[in-house]
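**Q** make a model of this:
(one chain, ligands or ions: 2)
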Amino acid sequence: MAKIGRNDPCWCKSGRKYKTCHQAFDEKIAQFARQGHIVPDHDIIKTPEQIAKIKESAKINIAVLDYVAENIREGMNTAEIDKMVYDLTTKMGGIPAPLNYNGFPKSVCTSVNDEVCHGIPSEEVILKAGDIVNVDASTILDGYFSDSSRMFCIGNVSPEKKRLVEVAKECLNVGLREVKPWGFLGDMGQAIHDFAYENGYTVVREIGGHGVGLEFHEDPWVGYNSKRGTEMLMVPGMIFTIEPMINMGKVEIYTDEKNGWTVYTEDGKPSAQWEVQVLVTEDGYEIISY
Ligand code: MF3
Ligand code: CO
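**A** Ligands and ions are numbered 1, 2, ... in the order given. Coordinates of the predicted model:
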């Protein structure tokens, strides 16, 4: 990165001089880098204008998940969920981000029971009482991305599965408590890991969260098997997802060879995931999409 002069315009496009804008901020980041920490590049630090646009996108994402929550029911097939997501997203002026993303054929991921993530909506997958299903929605509005997911319990769900869904949800709160400027993603990762394992569950290692906003998937990669004080430094303006996949049984997973997408638990036991999109603020965090 070219060195910016004290009197040059700031890289954040505020129009202010660097010395009165982000110079002290950059020096603080550089100090962490000298200590050997992973630090964010400028291109993943969002400006207030970008944050406002991402929030507009998130309004659609939240409305879509609210709409699914109101209408999902026993006997429905997951292609019907896909249609709900496509119809409402486009009606509100957005584009479903999954559609055609790296060849993904549908507008949303619907992952049932032992499907860990990236389930493909299908007329053949009919929701039945006792199922737990993750609906993972992502929206593009005016080029800005939002991404969040929720779990739904269909009819009467066993206490074991209900507890899995609740603990997976609580994992987000446990993680969010660690989101603050000048902390590390590993603080959040370890908190979630420890909480899940204390509850007798495992946390998928291979798939994690991600930076999001200007692209669907940006730096950093966000894992939940990391250690306190490691991984990327969090600074105001970063936006990323927290989306740990919590397995009731063993941690191992595999990907469907036929469709190339759907991830399952190796032992066939259920997995649950909630996803929140979060902004690091000056004094903590703000939820952008949930
Ligand atoms: N929404 C998922 C995430 O949380 C990504 C899905 S990629 C897709 O990162 F192509 F499967 F949609
Ligand atoms: Co995501």
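**Q** got phi/psi on the residue of the stretch 1-150 of the chain found nearest ligand 2?
**A** Per Cβ to the ion, Asp147 is where the stretch 1-150 of the chain lies closest to ligand 2, at 4.3 Å. The C-beta positions use only the backbone N, C-alpha and C, and glycine is treated the same way. For Asp147, the backbone dihedrals are phi -160, psi 120 (criterion: degrees, to the nearest 10).
**Q** what do you get for the one 5 residues further on?
**A** In this entry, Phe152 is assigned phi and psi values of phi -130, psi 140 (degrees, to the nearest 10).
**Q** tell me how many other residues surround it.
**A** Look at Phe152: counted by other Cβ atoms under 10 Å, it has 20 neighbours.
**Q** got the residues of this protein near ligand 1?
**A** Remark: the part of the chain in contact with ligand 1 comprises Pro98, Tyr101, Asn102, Phe104, Cys109, His118, Asp136, Ser138, Asp147, Thr241, Glu243, Glu275, using Cβ under 6 Å from any ligand atom.
**Q** and what about the most centrally placed residue in the chain, helix, strand or coil?
**A** When Cα atoms, centre = their mean is applied to the chain, the residue found nearest the centroid is Thr241 (3.0 Å). Assigned state for Thr241: strand (three-state reduction, DSSP: H, G, I helix; E, B strand; the rest coil).
**Q** excluding its backbone neighbours, what's nearest it?
**A** Excluding its sequence neighbours, the residue lying closest to Thr241 (Cβ to Cβ, 6 or more residues apart in numbering) is Gly209, at 3.9 Å.
**Q** and the pLDDT for that neighbour?
**A** pLDDT for Gly209: 98.
**Q** how close does Gly143 get to ligand 1?
**A** 17 Å (Cβ to the nearest ligand atom, to the nearest Å).
**Q** list the contacts for that residue?
**A** Counting by Cβ atoms under 8 Å, 6 or more residues apart in numbering, Gly143 makes contact with Lys53, Leu214.
**Q** on the pLDDT front, check it for me.
**A** Gly143 is assigned a predicted lDDT (pLDDT) of 98.
**Q** again with Ala2
**A** pLDDT, read off for Ala2, is 67.
**Q** look up which residues are beta-bridged to the residue nearest to the centre of the chain.
**A** Thr241 has the following beta-bridge partners by DSSP bridges: Gln277.
**Q** cool, the one 4 residues further on as well?
**A** With beta bridges defined as DSSP bridges, Met245 has these partners: Gln273.
**Q** so where does the closest residue to the residue of the stretch 1-150 of the chain closest to ligand 2 other than its chain neighbours fall, helix or strand?
**A** Closest residue in space to Asp147, ignoring its immediate chain neighbours: Ser138 at 4.2 Å, by Cβ to Cβ, 6+ apart. Following DSSP states H and E, one finds Ser138 within strand 132-141.
**Q** note down every partner strand of that strand and its orientation.
**A** In the sheet, strand 132-141 lines up with strand 95-96 (antiparallel), strand 109-112 (antiparallel), strand 144-153 (antiparallel) (DSSP bridges).
**Q** hmm, that strand in reach of ligand 2?
**A** No - between strand 132-141 and ligand 2, judged by Cβ under 5 Å from the ion, nothing touches; the nearest distance is 6.8 Å.
**Q** next, the buried residues of that strand.
**A** Within strand 132-141, the residues scored as buried using 16 or more other Cβ atoms under 10 Å are Ile132, Val133, Asn134, Val135, Asp136, Ala137, Ser138, Thr139, Ile140, Leu141.
**Q** cool, and stretch 55-72?
**A** Neighbour counts over stretch 55-72 (16+ other Cβ under 10 Å) mark 55-65, 67-68, 72 as buried.
**Q** repeat that for stretch 206-222.
**A** 207-220, 222.
**Q** and the contacts of that stretch?
**A** For stretch 206-222, the surrounding residues in contact (Cβ under 8 Å, 6+ apart) are 38, 40-41, 43-44, 46, 50-51, 54, 97, 101, 116-117, 138, 140, 143-147, 185, 188-189, 223-224, 231-232, 238-245, 253, 263, 275, 277.
**Q** start to end distance for it?
**A** Start and end residues of stretch 206-222 are separated by 10 Å (Cα to Cα, to the nearest Å).
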